[in-house]
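Chemist: heads up, no residue letters with this:
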């Protein structure tokens, strides 16, 4: 997810990304702007979460490049053990 999320709401940014990873049983990468313009200050906090909400990589409040290893076999096992996505109704989507 790409964003211009303001620094004053950085806790929400991290909480919402973690929630998206957990509820969708997916790896989530959030890329956020850092720095400032005349109206806002931006915190950065680019991050990668695993499907259980564990933070795998985090740039914090710094410009840079992060990387994470995505274990697709572990993801498959987790989805098999907890098949929450099977409850989704495909009609209407």
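Modeler: That came through fine. Computed from a prediction, not measured in an experiment: that's the story for all the values here. Numbering: from 1, shown residues only.
Chemist: All the strands of this structure, residue numbers only.
Modeler: Residue ranges of the strands in the chain, as given by DSSP state E, are 2-3, 28-32, 34-36, 41-43, 47-49, 55-58.
Chemist: Nearest spatial neighbour of residue 82, chain-adjacent residues omitted?
Modeler: Distances taken as C-beta to C-beta, 6 or more residues apart in numbering put residue 25 closest to residue 82, at 7.3 Å, once the chain neighbours are dropped. C-beta here means a position set from N, CA and C on the backbone, and glycine is covered the same way.
Chemist: My read is that the one you found contacts residue 78, right?
Modeler: Yes - counting by C-beta atoms under 8 Å, residue 25 does reach residue 78; the two are 6.6 Å apart.
Chemist: shared neighbours, these two?
Modeler: Common neighbours of residue 25 and residue 78 are listed as residue 51 (criterion: C-beta atoms under 8 Å, 6 or more residues apart in numbering).
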